[in-house]
Structure formats: structure tokens, C-alpha cells
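A.B. asks: prediction below, plus the sequence it came from.
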Amino acid sequence: MVDIYTQPELYDAIHSKYEWDYKLLKSIGKAAGDPVLELASGTGRLTQQIIDLGYHYIGIDKSYEFLSFARNKYERFNDSVQFIHSDIRNFKLEKKFSFVFIGFNSFLHLLTNSDAIRCLNCVYAHLKNDGKFFLSIFKPNPEFLYRDKDRYYPATDIFEFNGYRCRIMEMNDYDEYTQINRLTWRLEENNNLMEDEFKFSMKMYYPHEIDILLDKTGFIIEKKIGDNDGSLMSEETELQIYVCSRA
């Protein structure tokens, strides 16, 4: 078993074409203002969007490998970009931010309500009084969660990695009582499935649960968005995206 969060080159390749959330993030970030804090910043997939706004950016992550990769990627922006090793459930910085965000699905790595509350409390403590908090996750989808747990399914489109045409194949095992989805990824190279397994878990939070968690930690939900085109959340939309302020 290999930890996917120690493989920044592969992770970056997997997400190299993920651009569908750029416009919405930049729009909300631009309105919120400078400076900006990203939690679970990973390899810096979304960092450039904040740089393009001319804002100061800090990213927090707990993977040393991802942080090193991101620092090298944005080395030329050292005056305005910083990556810090910390736990998003327990961090303390000596400044507050106009815009704090958690990019697509990173929040789902918080596997208990207690962990989620600890994270949200930290966000609240670091958000300016007139600041905005942006959270983006997908809605739990039964068609995805209750698939055959002994079968691999395509998880990505085709991407290039180490000279191969690749995609990620995944299987999952969902526990409806804990709401934790345990995933196993394997890399497929030129139609050949590699032996290495990447395992990780995500908790499925339903919209009413996010409402409760945000309320408990002092946030006001200003907008519920259901798609990266900015349309409002509904029963038909696949995403749950929240724009929040301090109460």
C-alpha cells in the first residue's frame, strides 16, 4: 500500500485538467479580498488562482511531500505565497484573513463531526469580521457509494504520467453507519492495471449536517451553491458549496 499523499507528481498529473472550479473560486475570492488562506492546499492546484488576483496567499497542509512540491512550484512568488505544515484541525497563525477556503472535497478527510468542528473553529478564529469562508464538497451519491465493492471503476479521465496514458481505477467500501467511504485507487498505465494500491477514507456529509456544523461553529451561510457555474443548490445538483460569514 502506498500513501497517495506522498506522491505529489502523480497527484498533480491526476488533477492537471481540473479547472472547472477556477472561475467560481476566483469570483468569490476577488470579492472577499486580501489576504487568503487555503486549508489542505495539497500541491497548490488552486494557488495560482489567488496569485492571479494579486493577493497574498498562505496554504496549510500536513503532507511534507506535497508542501515541498508546492514550494518549488511557486518559488518565484516567495514574497506573496507561503506554504505551512500544520493540521487543519488545530492551527494558529498570527494573522486573520479576508478569504479562507477549503477546495473540492478536502473537507471530507475529516472523518468525525468532532474533527470537522475543530477545523471550523480554527477557520472562524482566523477569519476577519467581514471575511468570507468558502467550502466545496460533493453530495453523497448512493449510485457511487453502493457500487459493487469488489469491482474497479474508472475514477478519472485519461491523463499523461511518466510517458504513459493513465487513469485511476477505484473501488470503494461504504459504511452507512459511520458514513465513511473507504477507497482504493490503482493506477492504470496504457490499459495495464498496476499493483500498487492507494488507500484513503472520506466521510460523507449530507447538506443538513453541514448546516448544523456551520451553525454550531458560529457561521452564517450566505449562499448555497450546487454547481461550479454558480447555480443554487437543489435536490438535482451534485455539489454542495457554501459561502459563509461570521455571525
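C.D. replies: Good, I have the coordinates.
A.B. asks: list phi and psi for the one residue sitting closest to the centre of the chain.
C.D. replies: Nearest residue to the geometric centre of the chain (C-alpha atoms, centre = their mean): residue 106, 2.8 Å. According to degrees, to the nearest 10, the main-chain angles of residue 106 amount to phi -60, psi -30.
A.B. asks: can you give me the helices in this protein?
C.D. replies: 8-14, 22-32, 47-51, 64-73, 113-126, 142-145, 207-216 (DSSP state H).
A.B. asks: out of these, indicate the one that is most buried.
C.D. replies: Using mean count of other C-beta atoms under 10 Å, the stretch among the helices of the chain with the largest mean neighbour count is helix 47-51, at a mean of 21. The way it works is simple: take the backbone N, C-alpha and C, and place the C-beta from them, glycine included.
A.B. asks: just to revisit the earlier point, of the helices of the chain, which is nearest residue 99?
C.D. replies: helix 22-32 (3.6 Å; C-beta to C-beta).
A.B. asks: neighbouring contacts of that closest one?
C.D. replies: Residues from elsewhere that reach helix 22-32 (C-beta atoms under 8 Å, 6 or more residues apart in numbering): 36, 46, 49-50, 52-53, 55, 98-99, 101, 103, 131-132, 134, 225, 228-230, 241, 243.
A.B. asks: just stretch 210-223 next, same as before
C.D. replies: In contact with stretch 210-223 (C-beta under 8 Å, 6+ apart) are residues 113, 116-117, 120-121, 123-124, 132-133, 135, 137, 205, 232, 240, 242-247.
A.B. asks: go again with 6 Å.
C.D. replies: Residues outside stretch 210-223 that contact it (C-beta atoms under 6 Å, 6 or more residues apart in numbering) are 116-117, 120-121, 124, 242-245, 247.
A.B. asks: start to end distance for that stretch?
C.D. replies: 13 Å (C-alpha to C-alpha, to the nearest Å).
A.B. asks: tell me the mean pLDDT for it?
C.D. replies: Mean pLDDT, stretch 210-223: 98.
A.B. asks: check the offset of it from the chain's centre.
C.D. replies: 18 Å (C-alpha atoms, centre = their mean, to the nearest Å).
A.B. asks: before we move on, what about stretch 104-121?
C.D. replies: 11 Å.
A.B. asks: CA atoms only: put that stretch into PDB for me.
C.D. replies: C-alpha atoms of stretch 104-121 as PDB (Å, rounded to 0.1, in the frame of the first residue of the first chain):
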ATOM      1  CA  PHE A 104     -13.100  20.500  -3.600                       C
ATOM      2  CA  ASN A 105     -13.600  17.600  -1.200                       C
ATOM      3  CA  SER A 106     -10.700  18.200   1.100                       C
ATOM      4  CA  PHE A 107     -13.100  18.700   4.000                       C
ATOM      5  CA  LEU A 108     -14.200  15.100   3.600                       C
ATOM      6  CA  HIS A 109     -10.900  13.800   5.000                       C
ATOM      7  CA  LEU A 110     -12.300  15.000   8.400                       C
ATOM      8  CA  LEU A 111     -13.700  11.600   9.400                       C
ATOM      9  CA  THR A 112     -15.700  12.700  12.500                       C
ATOM     10  CA  ASN A 113     -18.000  15.500  13.400                       C
ATOM     11  CA  SER A 114     -15.600  16.400  16.200                       C
ATOM     12  CA  ASP A 115     -12.700  16.800  13.700                       C
ATOM     13  CA  ALA A 116     -15.000  18.900  11.500                       C
ATOM     14  CA  ILE A 117     -15.900  21.200  14.300                       C
ATOM     15  CA  ARG A 118     -12.300  21.600  15.400                       C
ATOM     16  CA  CYS A 119     -11.400  22.600  11.800                       C
ATOM     17  CA  LEU A 120     -14.300  25.000  11.500                       C
ATOM     18  CA  ASN A 121     -13.500  26.600  14.900                       C
END
